[in-house]
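Asker: Structure, please.
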Amino acid sequence: MLRVRCTAEDLLRVTFAREPAPLMELGLALAALRRCDLPPVFGRWQQSLRRTLPRAVRPLLELVPPSGRGPLFLDPLSRGLDDGLKEVLSTPAGFVRSELDRVCAADRRPVTGWLRDLAEQDGGAWRILAEALRAAYDSVLAGSWSGVQSAFDAERAWRTRLLAEQGIRTALAGLVPGARWCGTTLEFDWPGEAEFALEGRGLILLPSTVWPGWPLLAVRPGKPGILVYPAVSQLPLLDRPADAEPLAALLGSTRAAALTLLTRQRTTTDLAAELSIAKSSASEHAKALRAARLITTERDGKAVRHSCTPLGLDLLAGSCGAGGGAVRQEAVDR
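Answerer: The predicted structure follows:
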């Protein structure tokens, strides 16, 4: 379990990142690439990247573990790739050494010669790191970055609305399934045990389109904590251009279509037939929509039936503009 201890001042200082962080998203993508327990929608994405990943990127795999808890100096909350690289390359030597020690100890991995050279500030080792980061960004994220940005903007707008309508406690507990409050401590299901105290520094919320797992908390000395959580729309589902309709940008076109269908109660089999997808894929999309509290699911004998929640209807109505009333009326009539 992951426990995040908050003070009243921390809750007053919860903010949302202004934009996705390229190097943080890159590190999480490389971590996800190495996992074998991702949702099925990531399968083709993983296979494609594993075939095409340039040799120059390989050194990064010594730094980024599958857990996503790589060295904090590798993924600053920067406004762009170039700014992020400058921050990485100017990391104080002491912080580099302590983070490399932490990662190697946590994952019980050997300290290779290249890692020792990084810790000792060897210029050649750091040039290899810079080249690997650029090559990784170009091969993993560059072609999809406009979609990542669009999904981030839609997620940020939606979560900000939830924050305004439901309050900070409900909004934070709704970031991932199973999150809950125990007093002023926010608890998440997590592989292992960890506890962090924010101590009045606040918290920055950062959705990731490439990390479908448990939430991750980055706590840097003297800075707000960064809580990374899976965005509703993940990178393999970003199959629309950046100027697509807002709901498709947030959810992905298939999940947006599924949510629209669920203004009337439907089974998983119904969804699969109407969307022309496999039943297993329909079940996966329904699971994601349910985790985001956009639909409810109930069992009726052997059938599993899904329908929109009030939150899902609000999201549909907002995306339809003047046509939102029709969405609500259909829900009333069902």
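Asker: in this structure, which helix or strand is least confident?
Answerer: helix 324-333 (a mean of 41; mean pLDDT, DSSP states H and E).
Asker: Strands of the chain, start to end?
Answerer: Ranges of strands in the chain, per DSSP state E, are 2-5, 14-16, 180-182, 185-188, 194-197, 203-208, 216-218, 225-230, 266-267, 295-300, 303-308.
Asker: What are the buried residues along the fifth one?
Answerer: Under the neighbour-count criterion of 16 or more other Cβ atoms under 10 Å, strand 194-197 has F196 buried. (Each C-beta comes from the backbone N, C-alpha and C, glycine too.)
Asker: ok, back up a step: so for S283, which of the strands of the chain sits nearest?
Answerer: When those are compared by Cβ to Cβ, strand 303-308 sits nearest S283, at 8.1 Å.
Asker: domain parsing for the chain?
Answerer: For the chain, the domain assignment from automatic domain parsing gives the residue ranges 2-17+146-233, 22-143, 252-333.
Asker: In terms of mean pLDDT, which of those domains ranks lowest?
Answerer: Of all those, domain 252-333 carries the lowest average pLDDT, namely a mean of 78.
Asker: Would you mind saying which of the strands of the chain lies nearest A56?
Answerer: Of the strands of the chain, nearest to A56 by Cβ to Cβ is strand 203-208, at 23.8 Å.
Asker: Give the pairing partners of the closest one; include direction for each.
Answerer: Strand 203-208 has the following strand partners under DSSP bridges: strand 14-16 (parallel), strand 225-230 (parallel).
Asker: Please tell me how far the residue nearest to R58 when sequence neighbours are not counted sits from W126.
Answerer: Of all residues not flanking R58 in the chain, A132 sits nearest, at 7.6 Å (Cβ to Cβ, 6 or more residues apart in numbering). A132 is 10 Å from W126, where distance means Cβ to Cβ, to the nearest Å.
Asker: out of these two, which sits in the more crowded spot?
Answerer: A132 (21 against 16; other Cβ atoms under 10 Å).
Asker: I'd say the more buried one and R55 touch.
Answerer: No. Contact criterion Cβ atoms under 8 Å: A132 and R55 do not qualify, at 9.8 Å.
Asker: Can you give me the buried ones in the longest helix seen in the chain?
Answerer: The longest helix of the chain (DSSP state H) is helix 145-166. Buried residues in helix 145-166, defined by neighbour count with 16+ other Cβ under 10 Å: 145, 147-148, 150-156, 158-159, 162-163.
Asker: Ok, stretch 89-106 next?
Answerer: T91, V96, E99, L100, V103, C104.
Asker: Likewise for stretch 105-119?
Answerer: In terms of neighbour count (16+ other Cβ under 10 Å), stretch 105-119 has its buried residues at W114, L115, D117, L118, A119.
Asker: and which of those residues is nearest L85?
Answerer: Closest to L85, out of all of those and judged by Cβ to Cβ, is L118, at 14.8 Å.
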